[in-house]
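**Student:** What would the 3D arrangement of this be:
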Amino acid sequence: MEGVVNARMRALLTAIGGIDRCITEFVRITDQLLPARVFHRLCPELEQGSRTPSGTPVYIQLLGGEPGPMGENAARAASLGAIGIDTNFGCPAKCVNRHRGGSVLLDEPELLYQIIKSMRSAVPQSVPVTAKIRLGFNDDSKLIDIVSAINEAGANALTIHARTKMDGYKPPAHWHRLAKVHNFIDVPVIANGEIWNPTDFQECRRASLCSDVMLGRGLLARPDLALEIKSLAQGKEYQRQQWSNILVLVDALFSDSVANCAPRHVGGPIKQWLGYLRREYPQAQQLFEQIKRLNTAADISAALGEHRGYQETVAA
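**Tutor:** Got it, this is the predicted structure:
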């Protein structure tokens, strides 16, 4: 979720409720110990005890293929106050894989072991070290070797995106393939991929035998999805949030962008988010069409005001 679920988006989504933990965008690790400012830039929540303004824990995610530097940078993140450290072995981006990062490492279970072992040894036991993987690179033939290596290295939890690198993001997610891994790991396994609604959540849990799930694109499309899932799990009725509520969040994101983004990028964050929201809200598509060619803060602000006024008229 690079470039999407940043600190301002984490603040908005966790304020709604239902989210137990967040993961940052990945910090790219090569062969150097990164300065503190890099970690603070991607995880400004370090200044707040590694939590969002509403109190949700935030783990820092590292991506790299060299055990030594991964351990050194994990130690630095912990020293800066990271409440947990995640490891990205799932990114399918070609540019990342070409530089020995992300899912390309799934073909080398022994290297995964060395990376997690280095990180686990470098940080205090009180700081969880977790990992996120896919089923494999070309196929899932090495899945048990991957899971066993990460388990033996001392990871505290494992998230599995239920597709291979070659699957990309094409539906479906193969949740059932996660069921077999529970016999080879001693820590929680968290399912991920294609969870867009509470029905998907229930089916994912049934097929994967996982108690917990990680939400990505589904949460961006339905910002209150985690809250709905948790409410229903507790036996409570839930009324999903209407577009008027979501539009307040869009306005807040735009205001933050005006304050913190360069003028030429001010419309980028809400255009990107509307791209996800339009899956669930027809009004998001309408708003996207209004602003997609606008570039200045003044023009986008005027379009937002016009859209807001129209929605209020329709509601009345």
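**Student:** which stretches of the stretch 101-250 of the chain form helices?
**Tutor:** Secondary structure of the stretch 101-250 of the chain (DSSP state H, counting those that start in this stretch): helices located at 109-122, 143-152, 198-208, 217-221, 225-233, 243-260.
**Student:** Make a markdown table from these and add mean neighbour count and mean pLDDT to it.
**Tutor:** In this view, the C-beta of every residue, glycine as well, is placed from N, C-alpha and C. Shown next, in a markdown table, are these (neighbours: other CB atoms under 10 Å; pLDDT from 0 to 100):
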| stretch | mean neighbour count | mean pLDDT |
| --- | --- | --- |
| helix 109-122 | 21 | 98 |
| helix 143-152 | 21 | 98 |
| helix 198-208 | 17 | 98 |
| helix 217-221 | 21 | 97 |
| helix 225-233 | 19 | 96 |
| helix 243-260 | 16 | 95 |
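**Student:** Reformat those helices as CSV; add distance to Ala297.
**Tutor:** Below are the helices of the stretch 101-250 of the chain laid out as CSV (distance: least, CB to CB, whole Å):
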stretch, distance to Ala297
helix 109-122, 42
helix 143-152, 45
helix 198-208, 37
helix 217-221, 23
helix 225-233, 30
helix 243-260, 5
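**Student:** so which of those helices comes closest to Leu42?
**Tutor:** The minimum distance between Leu42 and the helices of the stretch 101-250 of the chain falls on helix 243-260, with 14.2 Å, by CB to CB.
**Student:** quick one, domains of this structure?
**Tutor:** By the assignment in automatic domain parsing, the chain contains the domains 7-233, 243-315.
**Student:** so which of those domains is the most packed in?
**Tutor:** Among those, ranked by average contacts under mean count of other CB atoms under 10 Å, first place goes to domain 7-233 (a mean of 19).
**Student:** Export the domains of the chain to a markdown table and append columns for distance to Met1.
**Tutor:** Listed next are those as a markdown table, based on distance: least, CB to CB, whole Å:
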| stretch | distance to Met1 |
| --- | --- |
| domain 7-233 | 6 |
| domain 243-315 | 10 |
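**Student:** just to revisit the earlier point, just tell me which of the helices of the stretch 101-250 of the chain ends up closest to Arg293.
**Tutor:** Taking the helices of the stretch 101-250 of the chain one by one with CB to CB, helix 243-260 is closest: 16.1 Å.
**Student:** That'll do, ta.
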